[in-house]
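**Q** Have a look at this prediction, sequence included:
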Amino acid sequence: MASLAAKGISKVFEDGFQALTDIDLVVEPGEFVTLLGPSGCGKTTLLKTLAGFYDATTGRIEIGGTDVTAAPPEKRDTAMCFQSYALFPHLTVAENIDFGPRQAGVPKAERRARLESLLRQVDLEAHRDKLPNRLSGGQQQRVALARALAMRPAVVLFDEPLSNLDAKLREQVRREIRALQKEIGFTAIYVTHDQSEALAMSDRVVVMQGGRIDQVGRPEEIYARPETAFVADFIGAANLVPFEDLGGGRVKTPLGELRAAVPPAGNASFICWRPEDVELVEAGAASENVIRGVVRDRAYQGAHTELHVATGDADLGLQRLHVAGAAPAEGAEVAFRLGADQIRFVRSALA
């Protein structure tokens, strides 16, 4: 295990495109940190810069307290798991896993011990003599992980490793990766654009957009207390409504006057609430924070039904509600209460 620190990292490519701007990030030993964001936000560029595949334009990278900014990838004590697996098609499972240690001159007895341990840990003992084309996608990903771990790296870097798997297999393999990371204790930096994947796997999530970091925090912090409209909308579903501060936690919005448990900070631009934060009430209910509207469409999602509700302000767009159990039909008039403690205030963008 080792820590990793990026200090003031920027990356400008030869065509002048600035992919990263002033990235500061510290990953603790044994921590699982996910870089999350939409395509083009800079997360893979940051990962490849940390790995040494790209040179940082400015800034400093440290692994285990050692400056590796100018070091080539093979000198950084990291290993990469790629989206495409990057397995040698002519080598067996065992030969793929053993390739790195063999090239590095690790003694034969030590190589054998590492191989047997990793085959057991990734549950591939019965497949050791198979070529990659005889394996499923999930099995190939486990081979790629075992091959990376065979070098005993301080930090393992994952570049969207599950994107080629179907939904059910993704869930299975992500659990396996997380369990193995906890068992062995390696430091992990994981790139994905899948919010549920990031929330399920991570000790901390780094949300990126436009080559910058918007917010860093534990998954429950990122979800429950987003700091910007982008983070609120990107992590799960969110309703964002502009407001005017009336003081004392009361705000004027296109949905009506609402009361929040905590007053807004001076730089907040929107109130934010999650679709599951509301409860349906009787249409004639006269109570604080009750909002009325008409169901425009609905989508059954198993555990809940998602409603899109039109309120009095047509310019505001539809509000999203998640309702467990029986849900109103399209065209029905509904009223819902938003708890004062469920209202968050977010900035429109980074300060």
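**A** Now that the structure is in, tell me what you want to look at. In this text, all values refer to a predicted model and were calculated from it rather than measured experimentally.
**Q** Can you name the helix or strand that the most centrally placed residue in the chain falls in?
**A** Centrality entry for the chain: nearest residue to the mean C-alpha point is Ala198, 3.1 Å, by Cα atoms, centre = their mean. Using DSSP states H and E, Ala198 sits within helix 195-201.
**Q** ok, residues contacting that helix?
**A** Helix 195-201 is contacted by residues 32, 34, 36, 162, 170, 174, 177-178, 190, 192, 205, 219, 222-223, 234-236 when judged by Cβ atoms under 8 Å, 6 or more residues apart in numbering. Bear in mind the C-beta positions are built from the backbone N, C-alpha and C, glycine included.
**Q** What of stretch 270-286?
**A** With Cβ under 8 Å, 6+ apart, stretch 270-286 has contacts from 226, 229, 232, 236-243, 251, 253, 258, 260, 264, 287, 290-292, 304, 306, 320-323, 328, 333-339, 342-346, 348.
**Q** what distance separates the helix holding Ala198 from the centre of its chain?
**A** Between the centre of helix 195-201 and the centre of its chain there are 5 Å (Cα atoms, centre = their mean, to the nearest Å).
**Q** Could you report the separation of the residue nearest to Leu47 when sequence neighbours are not counted from Leu36?
**A** The shortest distance from Leu47 to any non-neighbouring residue, by Cβ to Cβ, 6 or more residues apart in numbering, is to Val191 (5.1 Å). Distance, Val191 to Leu36, by Cβ to Cβ, to the nearest Å: 8 Å.
**Q** joint contacts of these two?
**A** Counting by Cβ under 8 Å, 6+ apart, the common neighbours of Val191 and Leu36 are Lys43.
**Q** For those two, indicate the residue with more neighbours.
**A** Between Val191 and Leu36, counted using other Cβ atoms under 10 Å, the more crowded position is Leu36 (29 against 24).
**Q** returning to that earlier point: buried ones only from the contacts of stretch 270-286, please, as a ChimeraX command.
**A** Applying 16 or more other Cβ atoms under 10 Å to these, the buried members can be selected in ChimeraX as follows:
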select :226,229,232,236,238,239,240,241,243,251,253,258,260,264,290,291,292,304,306,320,321,322,323,328,334,335,336,337,338,342,343,344,345,346
